[in-house]
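Student: sequence first, predicted model second:
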Amino acid sequence: MEKITIFGAGSWGTALGFVLAQNGHDTLLWSHRAEQADEINRHSNERYLKGIKLPESLKATASLEEAVRHADVYVMAVPTKAMREVSSEISKLIQKPSLFVHVSKGIEPDSLKRVSELIREEIPEQWIEDLVVLSGPSHAEEVVLEHPTTVTAACENTGAAERVQDLFMNQYFRVYTNTDVIGVEIGGALKNIIALAVGITDGLGLGDNAKAAIMTRGLAEIARLGVKMGATPLTFSGLTGVGDLIVTCTSTHSRNWRAGNMLGKGKSLDEVLEEMGMVVEGIRTTKAAHQMAKAYEVPMPITEALYSVLFKNVPTEEAVGHLMGRMKKNEMEDLIDLL
Ligand SMILES: NC(=O)C1=CN([C@@H]2O[C@H](COP(=O)(O)OP(=O)(O)OC[C@H]3O[C@@H](n4cnc5c(N)ncnc54)[C@H](OP(=O)(O)O)[C@@H]3O)[C@@H](O)[C@H]2O)C=CC1
Ligand SMILES: O=C(CO)COP(=O)(O)O
């Protein structure tokens, strides 16, 4: 049994708390809101996981000091936007080297940093025993129903990835390991962009051919960027690549797909964000990926089309028309580039 603190008590932090507590670990969830911590101590988190009874052994606190003191393993589960701030606060309180696991899927605009890079910038190296990324096709709503779920623990140090595998793995939550941290983080972050785009075409009623097209060509542009950044091409055919792309683009649980769907049906971005009430990581990541496409000189037409809809007020139909009217290409151009 290990002592584990999860920072961030939204859908995913709470679902992972459910798994870890069921696995017998002494698990504490940190929320920045006292009333939410109180609710979790009464075994529910209705706003984020409606109707779910949480394990009695899962405890919560709103005291960051208590949360940092509690554990030897820290699971970072706040949205990407809050990751710097929370990491920086933790760094002021931490007193021993600990294993960090992060589960967030985004890229920071402007700095173009991956989440593991943000954490390393905010928490001095002496406190980070290892940093493992846990990612893959895993909607919180299904994990807490104990539906079979598979994810990947990625770290250059295989021993650390295996430790995380052992912490989380059980009969319904199967964890693989991988050493390709860049590929795992890029796949997890950028599939949200593609899910927003699929949500839009679904909202426009453009059908399943369009969905398959965006998913397939979307994966091509994710892999093209990832490989340029140093990822292993094969990672994109795994759980954190095509696997997470499938679950996010085809499930109504996905906030990114749902947000896109509302945009496709004519709502404004502000209306969509107000209605969602949960993080839609793909919006900020679209801004980052638009900047990365330029920085790494990688063509990313679907990302650019979405960027034009989200940030330049281009009508959704016009963006689709623009994508379809691009110059002729050989389908395998990307693959040839990767070989
Ligand atoms: N939901 C899922 O199924 C999965 C999510 N993820 C990833 O996990 C990450 C977290 O997402 P998820 O849990 O779904 O998000 P949610 O929107 O469900 O919850 C976000 C949580 O973070 C809290 N929060 C927001 N800002 C801060 C801050 N500055 N300091 C402290 N806490 C803060 C929110 O608090 P408040 O309630 O006060 O707003 C809320 O508890 C994302 O990167 C997401 O992509 C990965 C896999 C699956
Ligand atoms: O990452 C996820 C599933 O693997 C969750 O996706 P959403 O953030 O779109 O809900």
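Tutor: Thanks, I have the structure now. Ligands and ions are numbered 1, 2, ... in the order given.

Student: which residues touch Arg258?
Tutor: Shown here is Arg258, whose contacts under the criterion C-beta atoms under 8 Å, 6 or more residues apart in numbering are Gly199, Thr252, Met276. (Each C-beta comes from the backbone N, C-alpha and C, glycine too.)

Student: actually Ile52, not the one I wrote
Tutor: Contact partners of Ile52, counting by C-beta under 8 Å, 6+ apart, are Phe18, Ser44, Asn45, Val144.

Student: enumerate the residues of this structure near ligand 1.
Tutor: Along the chain, the residues adjacent to ligand 1 under the rule C-beta under 6 Å from any ligand atom are 8-13, 31-33, 48, 77-80, 82, 85-86, 103-106, 138-140, 278-279, 281.

Student: any quick PyMOL command for the buried ones out of the residues you listed?
Tutor: Here is the PyMOL command that selects only those of the residues of the chain next to ligand 1 that count as buried (16 or more other C-beta atoms under 10 Å):
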select buried, resi 8+9+10+11+12+13+31+32+48+77+78+79+80+82+86+103+104+105+106+138+139+140+279+281
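
Student: what about ligand 2: which of the residues of the chain next to ligand 1 touch it?
Tutor: The overlap between the residues of the chain next to ligand 1 and the neighbourhood of ligand 2 (criterion: C-beta under 6 Å from any ligand atom) consists of Lys105, Ser138, His139, Glu281.

Student: contacts only, for the second one.
Tutor: So that's Ser138. Taking C-beta under 8 Å, 6+ apart as the contact definition, Ser138 lies against Thr149, Thr150, Val151, Asp244, Val247.

Student: buried subset of these?
Tutor: Thr149, Val151, Asp244, Val247.

Student: ok, so of these, who is nearest Ile186?
Tutor: For the buried ones among the contacts of Ser138, the minimum distance to Ile186 (C-beta to C-beta) is 11.1 Å, reached by Asp244.

Student: how close does that closest one get to Ser135?
Tutor: In this view, Asp244 and Ser135 are 7 Å apart by C-beta to C-beta, to the nearest Å.

Student: buried residues in stretch 121-140?
Tutor: Of all the residues in stretch 121-140, those buried under the rule 16+ other C-beta under 10 Å are 122-123, 128-140.

Student: can you pick out the most distant pair from the residues you listed?
Tutor: Distances among the buried residues of stretch 121-140 were taken as C-beta to C-beta; the most separated pair is Glu129 and His139, at 29.7 Å.

Student: distance of Val198 relative to Arg217?
Tutor: Shown here: Val198 relative to Arg217, a distance of 11 Å by C-beta to C-beta.
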